[in-house]
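Visitor: here is a sequence together with a model predicted from it:
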Amino acid sequence: LKKNNVNEDFIKNLDPKAIFKDRAYPVVIQFIPLTFNPNSNNQIHAFKQENDWEEGSISLAQWIKPPNKQMDQQQVAHLLVTFKNPNNMNKGIHNGITLNKNCLQPKKNKGEPIQCTKCQHYGHIAHECTSH
């Protein structure tokens, strides 16, 4: 399905409005200086160059806590960076990531655990719940 002509035929037969979403590889980078602006294309470009990543390797970069909720005297925050390429993500986790010549250690973003809305236990959803 990753080949362009195959996924076009698949979409045509499935639903012409359907789209393929690229897989995302999110990591959390802790203690990023607030002087970094994840919305700035220039800063993201410099960030990619400093870490020797190809253009387009980052699909999203955003603060975990919105800037309007950060404290006035706060100087660092955590950044969520979503990679399109698992090799860049794995290389960054293994070797560290550099930002303004500071080495930072990213961590794989672990999603929220699945919780049942019926019994409030983790590991299953209400449809599969066996409690009465």
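Guide: It's in. Numbers count the residues shown, from 1 in each chain.
Visitor: can you show me the strands along the chain?
Guide: Along the chain, counting by DSSP state E, strands occupy 25-33, 58-63, 76-83, 97-99, 102-104, 107-108.
Visitor: helices and strands around the third one, which ones?
Guide: Packed against strand 76-83, as judged by 3 or more CB pairs under 8 Å, 6 or more residues apart in numbering; DSSP states H and E, are the following elements: strand 25-33, strand 58-63. Glycine gets a C-beta too; all of them are placed from N, C-alpha and C.
Visitor: okay, these in JSON lines with mean pLDDT, distance to Gln49 and mean neighbour count next?
Guide: What follows is those, written out as JSON lines (pLDDT from 0 to 100; distance: least, CB to CB, whole Å; neighbours: other CB atoms under 10 Å):
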{"stretch": "strand 25-33", "mean pLDDT": "95", "distance to Gln49": "16", "mean neighbour count": "17"}
{"stretch": "strand 58-63", "mean pLDDT": "94", "distance to Gln49": "12", "mean neighbour count": "16"}
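Visitor: of all those, which one is nearest Ser131?
Guide: strand 25-33 (32.4 Å; CB to CB).
Visitor: many thanks, I have nothing further to ask.
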